[in-house]
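Peer 1: pasting a predicted model and its sequence here:
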Amino acid sequence: MKKRNMTKKEIFNTPGLLFKAAADQILTLCESCIAEKGKFTIALSGGNTPRKLYELLAQNPYVKKIDWKNVFVFWSDERCVPASDDENNSHMAAIALLNNVPIPKENIFPVPVNFEPSKAAARYEQMIKSFFKNTEPRFDLVLLGLGEDGHTASLFPGTDILSEKKALVKQVYVNEKKVFRISFTIPLINNAKQVMFLVTGKEKSTVIEKLFVKPPKKNTLPAQFIKPLKGNLHWMLDKAAATSLKK
């Protein structure tokens with residue numbers, strides 16, 4: 001019997017409970033993937049929301065239970081700022097998580113921000129293709145956040161990257177931020193085995209209402225395009241973000 005793809009939505013009373021549940025699920029998925037094929041591939045998200053999750057994964061029991069030598073880390077998007085910049089997503093993840101766990105350095109694949117945006121995107125796509133070798137790039141888990149404007153990764157409303165069908169990674173200029181970013185494209189995200197959205201804070205309640213309660217007839221919010229083709233979609237929201245939703 002063919003397994004049906006699943007969309008799941010969970011609401012937690014506090015951000016702390018959300019991050020604990022997310023960490024537990026990452027551990028379970030990691031263990032099952034390593035048992036099945038010897039490795040676990042994860043694409044981390046940036047921004048403020050996942051920092052607490054990363055700090056949690058660097059503590060017991062997770063730091064001891066996760067088989068870090070078989071975990072391979074990528075990023076779903078990155079800001080085009082120096083690798084040592086506080087705004088750099090891989091820099092944040094290193095401080096919160098990766099510097100504090102026994103993961104081999106060769107298992108970590110940050111976006112090469114030392115190149116101009118289009119070259120950085122092309123090089124990152126090639127890194128991903130080389131890692132997956134002769135198989136179609138398919139991450140075990142892609143973590144995503146959600147902006148108040150409905151953006152996720154660096155897929156912003158009205159940007160050309162939303163219509164990209166061929167490239168796995170693309171540069172995008174975010175006019176509101178006056179900066180280039182590098183991002184997974186929709187096809188790469190939607191090819192993941194599991195996509196997990198982490199959404200916290202009352203400021204996200206309006207966009208959550210637009211996504212789930214009063215969705216526009218035509219997809220205008222980038223998060224609406226995230227629908228894994230052969231995988232599962234999991235929305236994890238705290239109570240503040242989910243004020244418009246019924247449990």
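Peer 2: Cool, the structure landed.
Peer 1: how near is residue 200 to residue 207?
Peer 2: Distance of residue 200 to residue 207, computed by C-beta to C-beta, to the nearest Å: 13 Å. For the C-beta atoms, the positions are set from N, CA and C on the backbone; glycine is no exception.
Peer 1: of those two, who's got more company?
Peer 2: Each of residue 200 and residue 207 has its neighbours counted (other C-beta atoms under 10 Å); residue 200 has more, 25 against 20.
Peer 1: wait, doesn't the more buried one sit right on residue 238?
Peer 2: Yes - in this structure, residue 200 is within contact of residue 238 by C-beta atoms under 8 Å, at 4.4 Å.
Peer 1: what's the overlap in contacts for the two?
Peer 2: 15, 18 (C-beta atoms under 8 Å, 6 or more residues apart in numbering).
Peer 1: what comes up buried for stretch 212-227?
Peer 2: For stretch 212-227, the neighbour count (16 or more other C-beta atoms under 10 Å) marks 221, 222, 223, 225, 226 as buried.
Peer 1: for those, give me a markdown table that also has pLDDT and distance to residue 215.
Peer 2: Shown next, in a markdown table, are these (pLDDT from 0 to 100; distance: C-beta to C-beta, whole Å):
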| residue | pLDDT | distance to residue 215 |
| --- | --- | --- |
| 221 | 93 | 8 |
| 222 | 96 | 13 |
| 223 | 96 | 10 |
| 225 | 95 | 12 |
| 226 | 97 | 13 |
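Peer 1: any chance of TSV for those, columns distance to residue 122?
Peer 2: TSV is the format used below for the buried residues of stretch 212-227 (distance: C-beta to C-beta, whole Å):
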residue	distance to residue 122
221	28
222	22
223	26
225	22
226	23
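Peer 1: farthest pair within these?
Peer 2: 221 and 226 (9.9 Å; C-beta to C-beta).
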